[in-house]
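**Student:** When you get a sec, could you give me coordinates for this:
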Amino acid sequence: MKYKVHWLIDGLIEVEADDTDNAEKLVKNKLENYISNNSKFFEELGAKAVQGQAYLPGKDEKI
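**Tutor:** Modelled structure (predicted):
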């Protein structure tokens, strides 16, 4: 019997950048490089999308 498995990966990384756009680009480039070097693995998992959003830490978050 075949089953479908829907999976998500949630992560958080701190990067040094001038603004949110550059922070997102830094992480996007790292992820795209990793994915392209491991494309067969991601194809086998059926990966369809990777997304993220940069923000400044709030007062309750540790920096």
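**Student:** How about the secondary structure of the closest residue to Asp21 other than its chain neighbours?
**Tutor:** Once flanking residues are discounted, Asp21 sits nearest to Ala54: 7.6 Å by C-beta to C-beta, 6 or more residues apart in numbering. C-beta coordinates here come from the backbone N, C-alpha and C atoms, glycine included. Assigned with DSSP: H, G, I helix; E, B strand; the rest coil, Ala54 falls in the coil class.
**Student:** Look at Ala23 and say how many residues are nearby.
**Tutor:** 20 (other C-beta atoms under 10 Å).
**Student:** likewise Asp19?
**Tutor:** 10.
**Student:** change the start of the numbering to 32 and stick with it
**Tutor:** Yep, numbering from 32; the last one is Asp50 now.
**Student:** what sits against the residue nearest to Asp52?
**Tutor:** Residues in contact with Ala85 (C-beta atoms under 8 Å, 6 or more residues apart in numbering) are Ala48, Thr51, Asp52, Ala54, Glu55, Val58.
**Student:** In contact with the second one, which residues?
**Tutor:** Residues counted as contacts of Thr51 (C-beta under 8 Å, 6+ apart) are Gln84, Ala85, Tyr86, Leu87.
**Student:** Quick one: the strands in this structure, in order.
**Tutor:** For the chain, no strands are identified by DSSP state E.
**Student:** Could you check how far Thr51 is from Asn69?
**Tutor:** 27 Å (C-beta to C-beta, to the nearest Å).
**Student:** brain fart, Glu55
**Tutor:** Glu55 is 21 Å from Asn69, by C-beta to C-beta.
**Student:** shaky segments in the chain?
**Tutor:** 93-94 (pLDDT under 70).
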